[in-house]
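[1] Next comes the sequence, and after it the predicted model I'd like to discuss.
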Amino acid sequence: MVTIHDDYILFCTSQWIELKDIVERCGGNESEVVESIQRLAYMGFLESRTLKNNLFYKKQDQPQSHDQFSLMMDNFLEYQKFEIELIKRIPTIMLSDGGRFGFSKDGLKLLEHIQEEINRITIVISKIDHFDKIRLLQHPIAQQRIKRLQNHINRIMDTMLDSYFPWFYVGDVTDVYDHSDDKERRPGFTHLFSDHNVKPYGKEFRQNSNFFPMIFDIAGNSCKKIKFDFKTIVRSRSFLQLPLGLKDESVDDAHVDYPEQHLVVLYYVVDSDGDTIIYDKKFKPEDPLSWPAQKMGVPLKRVTPKQGRVVVFDGRYFHTAQQPKNNTRCIINFDVE
């Protein structure tokens with residue numbers, strides 16, 4: 001992936017440096033390094049000049065001008081058109097012989113290309129946010145640019161997920177411990193990204209979905225915000241719930257994801273109703289089989305799903321969600337230690 005060079009290129013260009021010296025320092029594939037340099041330049045991260053027919057680059061520490069930002073967005077749009085055309089041309093990104101699990105060669109290449117583009121846009125958003133905070137860029141302009149970039153990501157991801165993302169039907173997304181026949185069922189869809197001991201830097205990297213790398217950074221970046229260095233993602237999954245036409249407010253069964261000490265990271269994929277409810281009582285591990293009878297307490301916090309919002313909390317607190325009445329509710333749920 002070309003973006004693996006971006007951080008080091010920016011690190012070694014604090015002063016003017018010749019192109020060939022950047023390539024030498026980065027190592028790896030020369031054409032990939034050059035492509036990264038060229039992309040960083042048109043994105044406004046690098047400025048260039050020519051001396052005696054030699055090309056030099058230096059990191060740009062000022063916000064992009066209006067024209068520079070517009071040019072960058074034009075380039076992003078061209079890549080977006082290319083990606084959408086690829087999605088339309090490839091009927092499936094999965095292996096089609098039915099005998100193996102995973103992506104086809106073209107499917108994997110498409111995913112890597114889209115991931116590179118998302119990584120680059122995320123870098124731009126971070127830099128704009130930085131310039132906003134240190135007041136080198138007016139706040140309204142910064143927020144307008146960030147919104148345009150986020151909308152750009154959303155469009156390609158919406159096209160991607162609508163076309164390829166595999167959802168699996170479950171008869172009741174709330175069936176935590178009540179398996180009685182007369183229980184009111186709440187059907188929905190789920191996708192399991194990983195399950196049990198996915199270590200961020202260890203040799204054992206177990207995942208259930210090839211889409212896992214696309215959502216992994218959500219957990220890492222969220223935990224960094226609260227200065228929590230997680231060692232393991234115990235489980236990561238997504239849930240999609242549709243309005244069921246219920247007249248009255250319906251709240252799912254309160255639960256904990258699993259009994260050991262952990263953090264829950266919830267990422268809201270879309271704006272929706274169907275609040276997350278966190279209660280003021282914790283699960284008692286000394287009597288795990290009694291949890292249906294344990295008092296859940298009273299609601300401590302309610303969180304309304306907003307696209308891009310992340311909630312991190314102690315996973316030992318009982319929690320649940322309201323059934324959505326008006327919109328599709330979609331979340332990504334991580335359990336981390």
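    Arrived safely, thanks for sending. Numbering: from 1, shown residues only.

[2] mind checking how far residue 224 is from residue 217?
    In this view, residue 224 and residue 217 are 10 Å apart by C-beta to C-beta, to the nearest Å. The way it works is simple: take the backbone N, C-alpha and C, and place the C-beta from them, glycine included.

[3] Averaged pLDDT, stretch 54-71. What do you get?
    For stretch 54-71, mean pLDDT rounds to 87.

[4] Quick check: buried residues in it?
    The neighbour-count check on stretch 54-71 (16 or more other C-beta atoms under 10 Å) flags 56-57, 59-60, 63-64, 69 as buried.

[5] ok, now stretch 244-259?
    In stretch 244-259, counting by 16+ other C-beta under 10 Å, buried: 250, 252-257.

[6] Next: stretch 298-309.
    Neighbour-count burial for stretch 298-309 [16+ other C-beta under 10 Å]: 303, 305.

[7] Closest to residue 6 out of the buried residues of stretch 54-71?
    Residue 6 lies nearest to residue 59 out of the buried residues of stretch 54-71, by C-beta to C-beta, at 11.4 Å.

[8] Next, find the distance separating that closest one from residue 12.
    The value you get for residue 59 to residue 12, if C-beta to C-beta is used, is 9 Å.

[9] close enough to count as contact, residue 218 and residue 266?
    No - taking C-beta atoms under 8 Å as the definition, residue 218 is not a contact partner of residue 266, at 9.8 Å.

[10] what residues are shared contacts of those two?
    Common neighbours of residue 218 and residue 266, using C-beta atoms under 8 Å, 6 or more residues apart in numbering, are 310, 332, 334.

[11] Enumerate every residue touching the last one.
    Counting by C-beta under 8 Å, 6+ apart, residue 334 makes contact with 218-219, 233, 235-236, 264-267.

[12] Sitting in strands, which of those do you find?
    Members of those lying in strands (criterion: DSSP state E): 233, 235-236, 264-267.

[13] between those, which is nearest residue 298?
    Closest approach between the ones in strands among the contacts of residue 334 and residue 298, by C-beta to C-beta: residue 264, at 19.0 Å.

[14] That closest one bridge partners, please.
    Under DSSP bridges, the beta-bridge partners of residue 264 are residue 313, residue 335.

[15] all strands for the stretch 51-200 of the chain, in order.
    Here the stretch 51-200 of the chain has its strands, by DSSP state E, counting those that start in this stretch, at 54-59, 168-170, 188-198.

[16] Rebuild those as JSON lines, extending it with distance to residue 35.
    Below are those laid out as JSON lines (distance: least, C-beta to C-beta, whole Å):
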{"stretch": "strand 54-59", "distance to residue 35": "14"}
{"stretch": "strand 168-170", "distance to residue 35": "38"}
{"stretch": "strand 188-198", "distance to residue 35": "30"}
